[in-house]
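Asker: just a sequence and a predicted model for now, questions to come.
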Amino acid sequence: MKKKPLLILLAVIAVIGIGSYIVMQQGSLPIPGISPTLRATEKDFAFIQDATIRKHFVAQANQTKYRTKSYSTGADLNFLTETEIKGENFNIRNIEYDPSGKETKHRVEIGNTIYVKDYSDNAWWKQTIVPEEIPAEEKPEEPVDFKEEYAQPSLNFKFITKEPCGAQFPGSTTCFKYEQTDNANQEMYTLRTFWFDDNKYLLRKEES
């Protein structure tokens, strides 16, 4: 079953939504075998009322390569994540750095194969995971309607302002600043603040 652009976008949000401060940049370190195939239009996000948010979601859904940099105050670590999308598959590189900038973890996932760096000898440990076959009778008859899931009234977007995207972006890049709230669970209220530029409508940074 081919994944819908919305499903890809939801997965992207899940990937980048970790940490207290995240910076988003287009581009990536080379991972072989990737070709851009994802396409989305505003019709896929017609259920979202805010036209600017729709443009942002379309731009994000059509990205096949992106890089995120984040910092965790709790762990006192810096993280670099690079993701490339090929059809239904995600190829991901995760690197962790300690406060001095020393690399402490390096993990690469290409398809079903995982590579982890062993710093004792700088060799790479490799493991290939064989997907488990699911009997036909156990497979769901209908796919989950992710569009319906994402269109729940508990998820709200609020425009805050337009301001410079930050010193890490060249020139005079200006960003839309939005807040995203989810009131589905009163005991676990979530607030996400995010910025995307007013030219390519791509995510540039977020806080949560």
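Answerer: Yep, it's here.

Asker: which stretches in the protein count as strands?
Answerer: 21-26, 65-72, 77-86, 89-97, 103-110, 113-118, 123-128, 155-164, 174-182, 190-197, 203-207 (DSSP state E).

Asker: specify the angle between the third one and strand 103-110 in degrees.
Answerer: For strand 77-86 against strand 103-110, the angle by axes from the mean of the first three to the mean of the last three Cα atoms, to 10 degrees is 10 degrees.

Asker: buried set for stretch 69-89?
Answerer: Applying a neighbour-count criterion of 16 or more other Cβ atoms under 10 Å, the buried positions in stretch 69-89 are 69-71, 77-86. Glycine gets a C-beta too; all of them are placed from N, C-alpha and C.

Asker: the bottom helix or strand of this protein by mean pLDDT?
Answerer: The element with the least model confidence among the helices and strands of the chain, by mean pLDDT, DSSP states H and E, is helix 5-16, at a mean of 45.

Asker: out of the strands of the chain, nearest to Phe45?
Answerer: Counting by Cβ to Cβ, Phe45 lies closest to strand 155-164 out of the strands of the chain; the figure is 11.5 Å.

Asker: elements contacting that closest one?
Answerer: Of the remaining helices and strands, those touching strand 155-164 by 3 or more Cβ pairs under 8 Å, 6 or more residues apart in numbering; DSSP states H and E are strand 174-182.

Asker: is Arg192 bridged to anything, and to what?
Answerer: Arg192 has the following beta-bridge partners by DSSP bridges: Gln180.

Asker: swap in the one 4 residues further on?
Answerer: In this structure, Phe196 has beta-bridge partners Phe176, Leu203, where bridges are defined by DSSP bridges.

Asker: show the pLDDT at it.
Answerer: At Phe196 the predicted local distance difference test score is 93.

Asker: surely it meets Phe176?
Answerer: Yes - taking contact to mean Cβ atoms under 8 Å, the distance of 5.7 Å between Phe196 and Phe176 places them in contact.

Asker: rewinding a little: confidence-wise, which of the strands of the chain is weakest overall?
Answerer: With a mean of 49, strand 21-26 has the lowest mean pLDDT of the strands of the chain.

Asker: state the distance from the residue lying closest to Asn78 once chain neighbours are set aside to Lys126.
Answerer: Counting by Cβ to Cβ, 6 or more residues apart in numbering, Asn78 lies nearest to Tyr97, which is 4.4 Å off, once chain neighbours are set aside. Using Cβ to Cβ, to the nearest Å, one gets 23 Å for the distance from Tyr97 to Lys126.

Asker: returning to what we had before: quick one: residues contacting the residue nearest to Asn78.
Answerer: Contact criterion Cβ atoms under 8 Å, 6 or more residues apart in numbering gives 77-80, 103-104 as the residues in contact with Tyr97.
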